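Need a 3D model of the sequence below.
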Amino acid sequence: MCMKIRSSRGSYLISSRHTYGITTILLFLAFCLLLPDSFFWFFVFS
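Reported below is the predicted structural model:
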């Protein structure tokens, strides 16, 4: 039982961290889409 609880808890931490990364990437993409293309490329190369 202890190993099952530990494994389920570990998978929950991994899944929560994975969803956090996906939300961060989606927010970054939305922020890039809101910016003008010229300003975005200037921000990338600066």
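
got any ranges where this protein has weak pLDDT?
Counting by pLDDT under 70, the chain contains low-confidence residues at 1-16, 36-38, 40, 46.

which residues of it fall in helices?
Taking DSSP state H to define them, one finds helices in the chain at 2-34, 37-45.

Could you count how many residues lie near residue 33?
9 (other CB atoms under 10 Å). In short, each C-beta sits where N, CA and C put it, glycine included.

Kindly provide the distance from it to residue 18.
When CB to CB, to the nearest Å is applied, the distance between residue 33 and residue 18 equals 23 Å.

just residue 25 next, same as before
Distance from residue 25 to residue 18, by CB to CB: 11 Å.

and what of residue 24?
Summarising the geometry, the distance separating residue 24 from residue 18, computed by CB to CB, is 11 Å.

One more: residue 26?
Counting by CB to CB, the separation of residue 26 from residue 18 is 13 Å.

Could you do residue 29 as well?
Distance from residue 29 to residue 18, counting by CB to CB: 17 Å.

what separates residue 30 from residue 23, distance-wise?
10 Å.
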